[in-house]
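A.B. asks: return atomic coordinates for the entry below.
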Amino acid sequence: MEQSNPFDRPEGPFFILQNGKRYSLWPEHCTLPAGWQRVYGPATQQTCNDWLAGRWQNLTPDCAAAEKTS
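C.D. replies: Down below sits the predicted model:
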């Protein structure tokens, strides 16, 4: 049986999820992970990426940012 990756369907629908300062693109039909909240969508993958690009300017993970300051 072949399983497909839900990210292989860019037409969506997707959500943008947020957990603290972290964001994630998430397929609508997948169960939300604990601690994450929907902040945008449902929309196509590109529309979600455009929304995120306009709001999230720092793409450096917290762990990498911490390494730069130590």
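
A.B. asks: mind saving the C-alpha coords of the host helix or strand of Leu52 as PDB?
C.D. replies: Using DSSP states H and E, Leu52 maps to helix 45-53. The C-alpha coordinates for helix 45-53 follow below in PDB (Å, rounded to 0.1, in the frame of the first residue of the first chain):
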ATOM      1  CA  GLN A  45       0.000  25.900   0.800                       C
ATOM      2  CA  GLN A  46       1.200  29.000  -1.100                       C
ATOM      3  CA  THR A  47      -1.300  31.300   0.600                       C
ATOM      4  CA  CYS A  48      -0.300  30.000   4.000                       C
ATOM      5  CA  ASN A  49       3.400  30.500   3.100                       C
ATOM      6  CA  ASP A  50       2.700  34.100   1.900                       C
ATOM      7  CA  TRP A  51       0.800  34.800   5.200                       C
ATOM      8  CA  LEU A  52       3.700  33.500   7.200                       C
ATOM      9  CA  ALA A  53       6.400  35.300   5.200                       C
END
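
A.B. asks: right, and Ala43 touches Trp51 too?
C.D. replies: Yes: between Ala43 and Trp51 there is a contact under C-beta atoms under 8 Å: 7.3 Å. Bear in mind the C-beta positions are built from the backbone N, C-alpha and C, glycine included.

A.B. asks: distance check, Asp50 against Phe14.
C.D. replies: As defined by C-beta to C-beta, to the nearest Å, Asp50 lies at a distance of 12 Å from Phe14.
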